[in-house]
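**Student:** Please work out how this folds:
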Amino acid sequence: MENILEIQKYIYNGLYLVLVILAIVRYPRYKNDTPKYFPLLLFLNLIVEYVGLVLGIILGFNLVIYNISNLIYFPFIFLCFRESTTIPAFKKYINVFIVLFIIIFFYFAFATDFNQHNQWETTLTGSVFSIICILLYYISILRSDAVITIRYDRIFWISIGFLLFFAGTIPIEIISNALEMKGIDFNVFGVIRGGLIIIMNVCFIIGLLITRPKSLQVS
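**Tutor:** A predicted model of the protein is given here:
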């Protein structure tokens, strides 16, 4: 099982690198669309994964880098979908999610050992809020003409990747941490999560490859 985990790490770290390169190459095709700053999120993932890998080898622990990244990672996702929804009320809801998430992040950061404790409560909150933001985006799409050319929309494929990942990791976060409290450790959850990361990145790659500028999108 540990060998599978190692292989998965190399696969999705490689995919992160491919995504960053692809995002830079394809940037002229979507620089005027929203969310135009998606490559920054890819850079963040790449940096976090490689720094986490190095810290794990050198220090034997790397939770702190993943805990810190939550403060940037999730609000950025919320902002991506706030930009992409056209309904003002939905934008306000997402602003509330951003504020609530930041409050929850700092609460658990001070309430637990930030260096040694996996801030899974914060991750779980961010995952739930992300799914809600994605659903709000889908509702706004269904209420507009954009649904006709949705298959060429980069954010649509990004949303699918995130939705599959978060929907899969929420039960994993709950079950794995409940078992960990009882002293039980199942590597299978890590394997499933690694598989979900790979699927998410494949969706991102599809989105970047088929993206068309708004002016060229046809049904």
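
**Student:** Run through this protein and note the low-pLDDT ranges.
**Tutor:** 1-2, 30-37, 180-186, 212-219 (pLDDT under 70).

**Student:** which of the residues in stretch 194-201 are buried?
**Tutor:** Buried residues in stretch 194-201, counted by 16 or more other Cβ atoms under 10 Å: 194-197, 199-201. Quick note: C-beta positions are derived from backbone N, CA and C, even for glycine.

**Student:** hmm, who's touching it?
**Tutor:** Residues outside stretch 194-201 that contact it (Cβ atoms under 8 Å, 6 or more residues apart in numbering): 4-5, 8-9, 11-12, 15-16, 19, 161-162, 164-165, 168-169.

**Student:** buried subset of those residues?
**Tutor:** 8-9, 12, 15-16, 19, 161-162, 165, 168-169.

**Student:** Taking the residues you listed together, which two end up most distant?
**Tutor:** Across the buried ones among the contacts of stretch 194-201, no pair lies farther apart than Lys9 and Phe162, at 20.2 Å, counting by Cβ to Cβ.

**Student:** Quick check: phi and psi at Asn115.
**Tutor:** Backbone torsions for Asn115, taken as degrees, to the nearest 10, come to phi -80, psi -30.

**Student:** doesn't Leu63 make contact with it?
**Tutor:** Yes. Look at Asn115 against Leu63 with Cβ atoms under 8 Å: they come within range, at 6.8 Å.

**Student:** who has more neighbours, the two?
**Tutor:** The neighbour comparison of Asn115 against Leu63 (other Cβ atoms under 10 Å) goes to Leu63, with 17 against 9.

**Student:** Can you tell me, leaving aside adjacent residues, what's nearest to the more buried one?
**Tutor:** Nearest non-adjacent residue to Leu63, counting by Cβ to Cβ, 6 or more residues apart in numbering: Asn118, 5.6 Å away.

**Student:** Tell me which residues touch the one you found, please.
**Tutor:** Contacts of Asn118 (Cβ under 8 Å, 6+ apart): 63, 66-67, 177.

**Student:** most neighbours, which of these?
**Tutor:** Asn67 (23 neighbours).

**Student:** element containing it, please.
**Tutor:** helix 63-84 (DSSP states H and E).

**Student:** Buried residues in that helix, which are they?
**Tutor:** In helix 63-84, counting by 16+ other Cβ under 10 Å, buried: 63-67, 69-71, 73-84.

**Student:** repeat for stretch 204-213
**Tutor:** Buried residues in stretch 204-213, counting neighbours by 16+ other Cβ under 10 Å, are found at 204-208, 211-212.

**Student:** From the rest of the structure, what touches it?
**Tutor:** 15, 18-19, 22-23, 26, 29-30, 32-33, 42, 149, 151-158, 161.

**Student:** CA atoms only for it, dumped as PDB, please.
**Tutor:** Output of stretch 204-213 as PDB, limited to C-alpha atoms (Å, rounded to 0.1, in the frame of the first residue of the first chain):
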ATOM      1  CA  PHE A 204      -8.100  20.600 -15.100                       C
ATOM      2  CA  ILE A 205      -6.000  19.400 -18.100                       C
ATOM      3  CA  ILE A 206      -9.100  18.800 -20.200                       C
ATOM      4  CA  GLY A 207     -10.400  22.200 -19.400                       C
ATOM      5  CA  LEU A 208      -7.100  23.900 -20.300                       C
ATOM      6  CA  LEU A 209      -6.900  21.900 -23.600                       C
ATOM      7  CA  ILE A 210     -10.400  22.500 -24.900                       C
ATOM      8  CA  THR A 211     -10.800  26.100 -23.700                       C
ATOM      9  CA  ARG A 212     -11.900  28.500 -26.400                       C
ATOM     10  CA  PRO A 213     -12.000  32.300 -26.000                       C
END
